[in-house]
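1. This is the structure alone, sequence omitted:
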C-alpha cells in the first residue's frame, strides 16, 4: 500500500474554480478538499492527498499553475 502525502495550497477565490477543474482533470492523481474559510474570504485553502508514487506528477501540475497557487509549508492556521 502506498503512503499518501498531504499538501496544502492556497489560491485566490477568483482562480479557485479553474484550480479545482485542473485537479479534477488529472484522473485520480489527487484527492482534494477545500478547508473551512471565513465568509467573504478572498482566498481558498485546499488539502491535497496524493500517493507517494504520484507526487512528482502533482508537483508538475502545481508548477504549471504558476502564481495561481501557493504551496504552504503545512496546514494553514485557524486564525
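-> Yep, it's here. Being a predicted model, the structure only gives us computed values, none of them experimental. Numbers count the residues shown, from 1 in each chain.

2. The helix or strand residue 14 falls within - contacts with which helices or strands?
-> In this structure, residue 14 is located in helix 13-24 according to DSSP states H and E. Packing contacts for helix 13-24, counted by 3 or more Cβ pairs under 8 Å, 6 or more residues apart in numbering; DSSP states H and E, involve strand 31-34, strand 43-51. C-beta coordinates here come from the backbone N, C-alpha and C atoms, glycine included.

3. and the last one, average pLDDT?
-> Averaged across strand 43-51, pLDDT comes to 96.

4. Equivalent analysis for the shortest one, please.
-> Throughout strand 31-34, pLDDT has a mean value of 95.

5. Other residues contacting that strand?
-> 16, 20, 23, 44, 45, 46, 47, 48, 49, 50 (Cβ atoms under 8 Å, 6 or more residues apart in numbering).

6. Can you lay out those residues as a markdown table showing neighbour count and distance to residue 73?
-> Shown next, in a markdown table, are these (neighbours: other Cβ atoms under 10 Å; distance: Cβ to Cβ, whole Å):
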| residue | neighbour count | distance to residue 73 |
| --- | --- | --- |
| 16 | 18 | 20 |
| 20 | 15 | 22 |
| 23 | 20 | 20 |
| 44 | 19 | 18 |
| 45 | 19 | 12 |
| 46 | 21 | 15 |
| 47 | 16 | 14 |
| 48 | 20 | 14 |
| 49 | 12 | 17 |
| 50 | 22 | 17 |
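
7. Mind putting those into CSV with distance to residue 74?
-> CSV is the format used below for the contacts of strand 31-34 (distance: Cβ to Cβ, whole Å):
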residue, distance to residue 74
16, 20
20, 22
23, 20
44, 17
45, 11
46, 14
47, 11
48, 13
49, 15
50, 16
